[in-house]
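Trainee: below are the sequence and a predicted model for it; my questions follow.
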Amino acid sequence: MSTKNSIVKKQILVIALIVAFAVLLIAFIPLNNKEFIVIGVFAAVLLVIVFLDYLKLRAFHRAAQVIAQKSGNIENYVNSVFVPLAVTTKNGKIFWFNPAFYMLVGQYVREKNIYALLSRFGKPDKDKKITFGDKKYTKEQNEVIYKHKIYYIFRLIDEEKSVQASELYKIVLGVVMQIQIDNYDDLLRSIRKEEHYAIMAEVEKIIAKNAVNLHGFYQQYAKDKFLMVFERRYLASLMQSKFGLLDEVKKTPIAGNVKPTLSIGVGVGKSFDESGENAAGALDLALGRGGDQAVIKEKKEYRFYGGGQQAPQKRVRVRSRMFAAALRNLMEQCDTVLIMGHTVPDLDSIGSAMGLVACARHLGKKVHVVLDKVNAAIDALVAEIRADADYKNLLITPDEAEKLMDPMAMLMVVDTQIASYTLAPGLLAKAQTLVVIDHHLKGTSHIDTATLFYHEPYASSTAELVTEIVQYFSDRITLKPIDAEALLAGITIDTKGFSFKTGVRTFEAASFLRKVGADTTSIRHLFQDDLKTFNARARVVQDAQMIAPGIAVSVASKDSPNPELLAAQAADALIGIRGINASFVLCESGSQIVISGRSLGQINVLRVLEKLGGGGHSTIAGAQLPLDMEAAKKKLADAIQEYLKESS
């Protein structure tokens, strides 16, 4: 086909006629006036050229506006010079096309009819395939209304090239990585200033080396924060090394006992904005899970690396004091306070609730604790609460709580942050003022609608957090002995008698509770089992099987008393046996299987049970599966093997 077009010919013809007319005019005009005529002619020629260019520009602008109407749907292709694209009027007249379309048809086609040019375009819309030359294309047609007129955007998609381009796009996509030093302030306090500068220089050196290896760049944007950007193709090497820079930083030579650790959030998205948002969310999750780990977020999927150590202890109570002040301010604006824990509540859940009951009572608010069924773990404490004259109407059912939910009611969730794990998930949607307090490592499905969210993974228990809140809530607050003993029982049960996940603040909280009236002797009966439960637990331990080196799995019979409590107790008992580093005990609970996981620290049971939708800590975790027992055992075994493979 000829590459000349009618519009260009018309332009040349118009200019030629003007020039010819000018020559004839100059020939018959006296010499002394010819210079004015020449100027006029050239001005006319220039005016015609400008006018023709204006027509082109107006057509281009109109095409741009039409394309913009559909940019949300076709942005992946409009920006590609390899995808033939044409914009037409309602009757098919082309008024704009891109270079790829020109190369395809081999001629300038403005003002031509696309249906006449490509006859197959006129076929019914269901016929998406078009053969042009020796290539097969998929036709896409989008209707756009612009200034009350109908336009069409046509694209011819070469599927083979589109797939190749898509894969190439994924490879070179920008990945954003946010890095934060977990214990910067602790490092600053524990060593001399000159040593601190040396350590920071060493940490930055490690980060810089990794940036070079990833063919990216980094920038320190705060005293303890770094930003790194690189192409997605290099992310695989980081994953393969299981984010080796986490271990490199921990090996930094230091005089004190505090070792530097990193939290890393990696974001992968379709744009730098999306990657940046994902990186921020991933970093927040890494910090919420105790730090010293890396989290990759792509779309709604997460991948975790590291996190084998316990969350670093924090010695300052700034957050506790600030949260206590905010909680008091919020509680003063409410008439009723409702406190709810997780399903199958334990002493930490009920103990935390009792500490918050004291706060609400101090402000003169009506307060209730939501409780449906009493299990063996809390029946002794619940009996004491009901025997107290001041707490006669304290415990209410979820149905009763729902009737009290109004705009002036505050709902507090303790000892869990996952909506489906709460005692009555339906209350969450009705709460206009929602407060969450939890110490478990943050998961990917935590409650994100809370007015106040207090989460500290370093804490031994939620009862420890609430004890600190009570101390800052008011100088004149009074804890009843039952309140203090419930809080101390919560700390004791979650630390396994102060042997697991304890820190300085754990003992400080226990000391405060002892000072205000908690009797360590009187709470011992809260942990006592009856003979039937003891024998049932012994049978679960006896039936345990080693499915991997150091990992034991057992099943609690559905006929056992309080199977969920029994599973947790049996898992605790199993890790007390030499040679067992981690244990998992399954039991039936209604239509689902509940799994309790425990570990001495070498194996991260949270990482295992997160694969099954669970949560918790690296040494204490749980999960619920809507499966039968055999299917649940198989999924657990697969998750354990997958974890061991990742950790090897």
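Mentor: That came through, no problem.

Trainee: which stretches in the stretch 251-400 of the chain count as strands?
Mentor: Under the criterion DSSP state E, counting those that start in this stretch, the stretch 251-400 of the chain carries strands at the ranges 262-268, 293-298, 301-306, 336-340, 366-370, 395-396.

Trainee: I meant to write the stretch 51-200 of the chain there.
Mentor: 85-89, 94-97, 129-132, 135-146, 149-157, 174-181.

Trainee: so where's the stretch 51-200 of the chain uncertain?
Mentor: The stretch 51-200 of the chain contains residues with pLDDT under 70 at 51-82, 120-128, 159-172.

Trainee: actually the chain, sorry about that
Mentor: Ranges of the chain meeting pLDDT under 70: 1-82, 120-128, 159-172, 255-257, 308-316, 444.

Trainee: tell me who's in contact with the residue nearest the centre of it.
Mentor: The centroid of the chain falls nearest to residue 281 when counting by C-alpha atoms, centre = their mean (4.8 Å). Counting by C-beta atoms under 8 Å, 6 or more residues apart in numbering, residue 281 touches 265, 267, 297. Yep, even glycine has a C-beta here, placed from its N, CA and C like the rest.

Trainee: please redo it, this time with the cut-off set to 6 Å
Mentor: residue 297 (C-beta atoms under 6 Å, 6 or more residues apart in numbering).

Trainee: wait, which of the strands of the stretch 51-200 of the chain is closest to residue 229?
Mentor: Comparing the strands of the stretch 51-200 of the chain by their distance to residue 229 (C-beta to C-beta), the top pick is strand 174-181, with 5.8 Å.

Trainee: gap between that closest one and the chain center?
Mentor: 14 Å (C-alpha atoms, centre = their mean, to the nearest Å).

Trainee: likewise stretch 494-514?
Mentor: Chain-centre distance of stretch 494-514: 31 Å, with C-alpha atoms, centre = their mean.

Trainee: tabulate the strands of the stretch 51-200 of the chain in a markdown table, adding columns for distance to residue 320 and mean neighbour count.
Mentor: Shown next, in a markdown table, are the strands of the stretch 51-200 of the chain (distance: least, C-beta to C-beta, whole Å; neighbours: other C-beta atoms under 10 Å):
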| stretch | distance to residue 320 | mean neighbour count |
| --- | --- | --- |
| strand 85-89 | 60 | 23 |
| strand 94-97 | 64 | 21 |
| strand 129-132 | 66 | 13 |
| strand 135-146 | 57 | 14 |
| strand 149-157 | 58 | 19 |
| strand 174-181 | 21 | 23 |
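
Trainee: got JSON lines for those, with distance to residue 104 too?
Mentor: Shown next, in JSON lines, are the strands of the stretch 51-200 of the chain (distance: least, C-beta to C-beta, whole Å):
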{"stretch": "strand 85-89", "distance to residue 104": "10"}
{"stretch": "strand 94-97", "distance to residue 104": "9"}
{"stretch": "strand 129-132", "distance to residue 104": "7"}
{"stretch": "strand 135-146", "distance to residue 104": "9"}
{"stretch": "strand 149-157", "distance to residue 104": "7"}
{"stretch": "strand 174-181", "distance to residue 104": "31"}
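
Trainee: residue 553 is nearest to which of these?
Mentor: strand 174-181 (36.6 Å).

Trainee: then that closest one to CSV, C-alphas only?
Mentor: The C-alpha trace of strand 174-181 is given here as CSV (Å, rounded to 0.1, in the frame of the first residue of the first chain):
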residue,chain,number,x,y,z
GLY,A,174,10.1,-2.1,41.2
VAL,A,175,10.2,-3.7,44.7
VAL,A,176,10.3,-1.5,47.8
MET,A,177,11.9,-2.7,51.0
GLN,A,178,11.6,-0.9,54.3
ILE,A,179,14.2,-1.7,57.0
GLN,A,180,14.0,-0.8,60.6
ILE,A,181,16.4,-1.4,63.5
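
Trainee: bridged to the closest residue to residue 400 other than its chain neighbours, which residues?
Mentor: Sequence neighbours aside, residue 368 is the residue nearest to residue 400 in space, at 7.8 Å (criterion: C-beta to C-beta, 6 or more residues apart in numbering). Here residue 368 sits in beta bridges with residue 338, going by DSSP bridges.

Trainee: count the residues that sit near residue 368.
Mentor: A count of nearby residues for residue 368, using other C-beta atoms under 10 Å, gives 23.

Trainee: what residues of stretch 373-382 count as buried?
Mentor: Residues 374, 376, 377, 378, 380, 381, 382 are the ones in stretch 373-382 that count as buried (16 or more other C-beta atoms under 10 Å).

Trainee: touching, the second one and residue 566? I think so.
Mentor: No - at 8.5 Å, residue 376 does not count as touching residue 566 under the criterion of C-beta atoms under 6 Å.

Trainee: now the helices: where do they sit in the stretch 251-400 of the chain?
Mentor: 272-288, 318-332, 347-362, 379-387, 398-404 (DSSP state H, counting those that start in this stretch).

Trainee: repeat that for the stretch 101-250 of the chain.
Mentor: 114-117, 159-172, 184-190, 193-213, 235-240, 245-250.

Trainee: of these, which stretch is the most buried?
Mentor: Between those, helix 245-250 has the highest mean count of neighbours, a mean of 19, where neighbours are mean count of other C-beta atoms under 10 Å.

Trainee: which helices and strands does that helix pack with?
Mentor: Other elements packing on helix 245-250 under the criterion 3 or more C-beta pairs under 6 Å, 6 or more residues apart in numbering; DSSP states H and E are helix 193-213.

Trainee: from the chain's centroid, how far away is the helix it packs on?
Mentor: 28 Å.

Trainee: which strands or helices does that helix pack on?
Mentor: Secondary elements touching helix 193-213 (3+ C-beta pairs under 6 Å, 6+ apart): strand 217-222, helix 245-250.

Trainee: which among those is found nearest to residue 451?
Mentor: Proximity to residue 451 (C-beta to C-beta) singles out strand 217-222 among the helices and strands packed on helix 193-213, at 27.6 Å.

Trainee: picking up where we left off before, residue 448: which of the helices and strands packed on helix 193-213 is closest?
Mentor: Once the helices and strands packed on helix 193-213 are compared by C-beta to C-beta, strand 217-222 is nearest, at 24.8 Å.

Trainee: so residue 450 touches residue 434, yeah?
Mentor: Yes - Residue 450 lies in contact with residue 434 (C-beta under 6 Å); the separation is 4.8 Å.

Trainee: picking up where we left off before, can you tell me how far the residue nearest to residue 400 sits from residue 129?
Mentor: Residue 368 sits 66 Å away from residue 129, going by C-beta to C-beta, to the nearest Å.

Trainee: number of residues surrounding residue 276?
Mentor: Around residue 276 there are 17 other residues, counting by other C-beta under 10 Å.

Trainee: sorry, wrong one. I was asking about residue 182.
Mentor: There are 24 residues near residue 182, going by other C-beta under 10 Å.

Trainee: then residue 475?
Mentor: 6.

Trainee: and it, helix, strand or coil?
Mentor: Classification of residue 475 by DSSP: H, G, I helix; E, B strand; the rest coil places it in coil.

Trainee: relative to residue 277, how far out is it?
Mentor: According to C-beta to C-beta, residue 475 stands 42 Å off from residue 277.
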